[in-house]
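**Q** coordinates for the following, if possible.
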Amino acid sequence: ELRRVLFRSEPRFPGGPAADPAGSHHERRIRSFQPRRSRVTTGQQEALERLWPTWGLDIDGKRVLDLEQLFGGLPVVLEIGFGMGEATAQMAADDPGTGILAVDVHTPGQGNLLGLADRAGSTNVRVANGDAVILLREMLAPESLDGLRVYFPDPWPKARHHKRRLIQPEFLDLVAPVLKPGAIVHCATDWEPYAEQMLEVLTAHPRFGNTAADGGYAPRPAFRPLTRFEGQGLDKGHVVHDLLFARV
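**A** Numbers count the residues shown, from 1 in each chain. Have a look, this model is predicted:
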């Protein structure tokens, strides 16, 4: 039991991402993610130890981020849940004029993205560790973001877990104030029931308008890479739906 307590409360890497960055000063609530601390490779550990002090930040809920200073004046897009970071690193390399604030709780993925961005020479990525809801609610200034990307979030397929899905009216209420007018919320999923929920929730929200002329799903934009995970799904016959809604 003591090992489990230490595992939750202590950082695994000195100077690296904290195990519970927001700590106990925030209310207990249902989280839309499962913290995952699976095995970190030597390369990922090296990237975390070397690059986290420069490119990483913990979502502690104690300050408002100065995105202009953090990204040198670039427009900034928030990406929630980047997995192992391959698509994020590619988007950063393809579009160096856009800053990407990439949020996840998966330590191996954090290290992998830092390493990929470093090897590509990309300086427009910052990796944030912790709960995206706390980031949106307490650490971002009004109308400070130029976009939001949520690609392949956990579909929580069981009916009793649907309340854990990220794309909900309450989540969009947090998102809308920190987006600039016209900023794009871009979601993608290969889970059909979740795609339907996303479309319903975004369409019903008064602060967002569908960019698709027919009011439905959008074609995959060229800037969103086809990931290995997505390719495997397509090979199995999965249909991937993209949704692009503009902040009104």
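
**Q** can you list the strands that the longest strand anywhere in the chain pairs with?
**A** Counting by DSSP state E, the longest strand found in the chain is strand 179-189. Note on strand 179-189: by DSSP bridges, its sheet partners are strand 145-151 (parallel), strand 241-247 (antiparallel).

**Q** pretty sure residue 108 is touching residue 44, no?
**A** Yes: checked against CB atoms under 8 Å, the pair residue 108 and residue 44 is within contact range at 5.3 Å. Every residue, glycine included, has its C-beta placed from N, CA and C.

**Q** where are the low-confidence patches of the protein?
**A** Applying pLDDT under 70 to the chain picks out residues 1-14, 24-38.

**Q** strands of that one, start to end?
**A** 56-58, 76-80, 99-104, 125-129, 145-151, 179-189, 208-210, 241-247.

**Q** tell me, what residue is most central in the protein?
**A** The residue lying closest to the centre of the chain (CA atoms, centre = their mean) is residue 80, at 1.0 Å.

**Q** residues in contact with the residue nearest to that residue when sequence neighbours are not counted?
**A** Nearest residue to residue 80 in three dimensions, chain neighbours excluded: residue 132, at 4.6 Å (CB to CB, 6 or more residues apart in numbering). By CB atoms under 8 Å, 6 or more residues apart in numbering, the contact list for residue 132 reads 32, 59, 78, 80, 81, 103, 166.

**Q** wait, doesn't residue 39 sit right on residue 108?
**A** Yes: counting by CB under 8 Å, residue 39 does reach residue 108; the two are 6.9 Å apart.

**Q** which of these two has more residues huddled nearby?
**A** The residue with more neighbours, out of residue 39 and residue 108, is residue 108; 21 against 7, by other CB atoms under 10 Å.

**Q** could you measure from the more buried one over to residue 126?
**A** Using CB to CB, to the nearest Å, we find residue 108 at a distance of 18 Å from residue 126.

**Q** run through the helices of this protein in chain order.
**A** Assigned by DSSP state H, the chain shows helices spanning 2-9, 42-55, 67-70, 86-94, 107-120, 132-138, 169-178, 192-204, 228-235.

**Q** the third one: which residues count as buried?
**A** This points to helix 67-70. Within helix 67-70, the residues that count as buried by 16 or more other CB atoms under 10 Å are residue 67.

**Q** gap between it and the chain center?
**A** Offset of helix 67-70 from its chain centre (CA atoms, centre = their mean, to the nearest Å): 18 Å.

**Q** kindly export it (C-alpha atoms) in CSV.
**A** What follows is helix 67-70, C-alpha atoms only, in CSV (Å, rounded to 0.1, in the frame of the first residue of the first chain):
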residue,chain,number,x,y,z
LEU,A,67,0.8,31.9,-23.9
GLU,A,68,2.4,34.8,-25.8
GLN,A,69,5.5,34.4,-23.7
LEU,A,70,5.4,30.6,-23.7
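
**Q** contacts for it?
**A** With contact meaning CB under 8 Å, 6+ apart, helix 67-70 is reached by 76, 99, 101, 126, 140, 141, 144, 145.
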